[in-house]
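Here is the input, now give the coordinates:
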Amino acid sequence: MSEALVLLPGLLSDARLYSPQFNALSRDRAVMVAPITTGERIEEIASAILMSAPQKFALAGLSMGGIVAMEVLRRAPERVTRIALMDCTPLPATPQEATAREDWIVAARAGRFEDAVRAELRAEYLAPGPARADVMAKVMAMAKGMGPEIYVRQARALTRRKDQQATLRKIRQPTLILCGDSDGLTPVKRHEFMAELIPFARLEIIAGAGHLPTLEQPAAVTEALRAWMKQPLVLR
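Predicted coordinates:
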């Protein structure tokens, strides 16, 4: 039987972030989208995912979901058969990022949640073009469904995240590093750096996409994930 695939969405996102990939990939394997909404630390979120995930599974995460995926792998490498890290970073939050996020948390708690969302998930992080407005509308709809309380927890977790470079160096599973060529938040150079840290990693740059390629160029991302899932497992 094909490996189950666990997808981890990003900040203030839900299963809709992966709708095209879920519809396509679930035809021949079990696919689940695990929430990353519990806990104020990445470690707590990863523990909750491991409690609900299959005993062994392929793991893919985008943005904050990629950050959580690295922690899941760090905690239970024997359970993760392969990993895809998309539009994310292994680095801890900078002091500037932490300070800015505190301001956004204050705004969300003061009734200016939409302002905080627009500061976190900026339109310029996406690829330019006519599709940008539609993707941003989907982003805002997901964020509103989550609400300010979940945002504050996730923002706290991002601010407190650990450096995962050592985790990447230890990966021996088939690994896909993927990002949009116009990602304005975690640029291509960051992903090139990640791929260099990981033995056997495959780097995929999606043309015409920014920080959310699963929605901006869904067909290209689906094909990249299919190819990754077909890679033979690396013997330890």
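
Specify the residue positioned farthest from the middle of this protein.
What lies farthest from the middle of the chain is Ala110; by CA atoms, centre = their mean that is 27.7 Å.

which ones are touching Leu85?
Contacts for Leu85 (CB atoms under 8 Å, 6 or more residues apart in numbering) come out as 60-61, 66, 69-70, 175-178, 194. Using the backbone N, CA and C atoms, a C-beta is placed for each residue, glycine as well.

now swap in Asp181 and tell me
By CB under 8 Å, 6+ apart, the contact set of Asp181 is 127, 188, 205-209.

centroid residue for this structure?
Closest-to-mean residue, the chain, CA atoms, centre = their mean: Leu62 / 1.7 Å.

Excluding chain neighbours, give the residue nearest to that one in space.
Met86 (4.2 Å; CB to CB, 6 or more residues apart in numbering).

per-residue pLDDT, that neighbour?
For Met86, the pLDDT comes out at 98.

and it, how many residues sit next to it?
31 (other CB atoms under 10 Å).

what about the helices in the chain?
Counting by DSSP state H, the chain has helices at residues 19-25, 42-52, 64-75, 95-109, 113-120, 132-146, 148-159, 165-169, 188-197, 213-216, 218-230.

Buried deepest among those helices, which one?
Using mean count of other CB atoms under 10 Å, the stretch among the helices of the chain with the greatest mean number of neighbours is helix 213-216 (a mean of 27).

Identify the residues contacting that one?
17-18, 20-21, 62, 86-87, 126-127, 131, 135, 138, 178-180, 206, 208-210, 220-221.

got a pLDDT number for the residue nearest to the centre of the chain?
Looking at Leu62, its pLDDT stands at 98.

Just to check, it is in contact with Cys88?
Yes - contact criterion CB atoms under 8 Å: Leu62 and Cys88 qualify, at 6.9 Å.

hang on, the earlier thing: make JSON lines out of the helices of the chain and add distance to Gly10.
Converted to JSON lines, these look like this (distance: least, CB to CB, whole Å):
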{"stretch": "helix 19-25", "distance to Gly10": "14"}
{"stretch": "helix 42-52", "distance to Gly10": "12"}
{"stretch": "helix 64-75", "distance to Gly10": "5"}
{"stretch": "helix 95-109", "distance to Gly10": "15"}
{"stretch": "helix 113-120", "distance to Gly10": "10"}
{"stretch": "helix 132-146", "distance to Gly10": "9"}
{"stretch": "helix 148-159", "distance to Gly10": "9"}
{"stretch": "helix 165-169", "distance to Gly10": "19"}
{"stretch": "helix 188-197", "distance to Gly10": "15"}
{"stretch": "helix 213-216", "distance to Gly10": "9"}
{"stretch": "helix 218-230", "distance to Gly10": "13"}
